[in-house]
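**Q** Got a predicted structure plus its sequence, pasted below:
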Amino acid sequence: MSIEQQGNALTFLAFYVETKLGKTGLTVTVDVYRNGTEIVTAASATAVGDGLYSYTLASGSVNAEGLYAAVFKTATATVDQQHLPSLWIVGTGGIENLDAAVSTRTSGSLTNLDAAVSTRATPAQVTSIVSAIAGGGGSVSYTQNVTDNAANPLDGVSVKVRTGTSVALTPAATGTTDAFGKVTFMLDPGTYYIWCQRAGTNFTNPTAITVTA
């Protein structure tokens, strides 16, 4: 049994054996069923070679999801089995619930992407989006210092900036402190909340900050 997407042609295969060897020279017909309904009757199969026979169902007939079954038949009684089945499962590739309006499924910096992503997502837009998610896309440079209780700078600290106190909010900016415990963001004026995280270090989160022009 194999899996294919709706709208693609299906090639069914059957292998005939006589006394443990592939049987050539047979006249083979094929019946095809789609979800239990016969859609092809006594079509001619093609001999591939060495006992292998094939039949291709045109893409126009693969117009519904479900089970497609072909039964290969020969009147030659000397083969080990005169009727051989071949099966396909047809689906829609798992993307049937995606609609055209990308903008209705996004938020924040991605709301400017509409249905025609290929014509709208320019390199500049992608850069802007990545910048907003990483260092921030605001107008003011803000540097956060992260230290331990003894005021020693902490490097390698993951810092997330959000516009509210809920961790469910998408970060306005993210970054990692350098060897001096500093990380710089580009933020618009306003109040923000900072979360810090580093393995083996405890922080009091979140910390409120105010960015001024």
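**A** Noted; the coordinates are in hand.
**Q** From here on, just use CA atoms for contacts and neighbour counts.
**A** OK.
**Q** For the protein, give me the ranges with low pLDDT.
**A** When the per-residue scores of the chain are filtered using pLDDT under 70, the ranges that remain are 1, 93-134.
**Q** per the record, what domains does it have?
**A** Domain assignment for the chain, taken from automatic domain parsing, gives 2-91, 99-133, 134-213.
**Q** Next, format the ones you listed as TSV and append mean neighbour count.
**A** TSV is the format used below for these (neighbours: other Cα atoms under 10 Å):
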stretch	mean neighbour count
domain 2-91	17
domain 99-133	14
domain 134-213	16
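**Q** At which residues are the helices of the protein located?
**A** 117-120, 123-133 (DSSP state H).
**Q** What distance do you get for the closest residue to residue 161 other than its chain neighbours to residue 66?
**A** Nearest in space to residue 161, with sequence neighbours left out and distances taken as Cα to Cα, 6 or more residues apart in numbering, is residue 194 at 4.7 Å. When Cα to Cα, to the nearest Å is applied, the distance between residue 194 and residue 66 equals 51 Å.
**Q** Now residue 197: closest residue in space that isn't a chain neighbour?
**A** residue 158 (5.1 Å).
**Q** I'd guessed that neighbour sits against residue 178; true?
**A** No. Residue 158 is not in contact with residue 178 according to Cα atoms under 8 Å; the separation is 10.2 Å.
**Q** what pairs with the residue nearest to residue 197 across the strands?
**A** Under DSSP bridges, the beta-bridge partners of residue 158 are residue 176, residue 197.
**Q** ok, so what distance separates it from residue 207?
**A** Distance check for residue 158 against residue 207: by Cα to Cα, it reads 14 Å.
**Q** Put the alpha carbons of stretch 78-90 into CSV.
**A** The C-alpha coordinates for stretch 78-90 follow below in CSV (Å, rounded to 0.1, in the frame of the first residue of the first chain):
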residue,chain,number,x,y,z
THR,A,78,-0.9,-22.0,-14.3
VAL,A,79,0.1,-18.9,-12.4
ASP,A,80,0.2,-19.1,-8.6
GLN,A,81,-2.5,-16.5,-8.2
GLN,A,82,-4.8,-15.3,-11.0
HIS,A,83,-6.2,-12.2,-9.2
LEU,A,84,-3.7,-9.7,-7.5
PRO,A,85,-4.6,-6.5,-5.6
SER,A,86,-2.7,-3.3,-5.6
LEU,A,87,-3.7,-0.4,-3.2
TRP,A,88,-3.2,3.4,-2.9
ILE,A,89,-4.3,5.7,-0.2
VAL,A,90,-5.0,9.2,-1.5
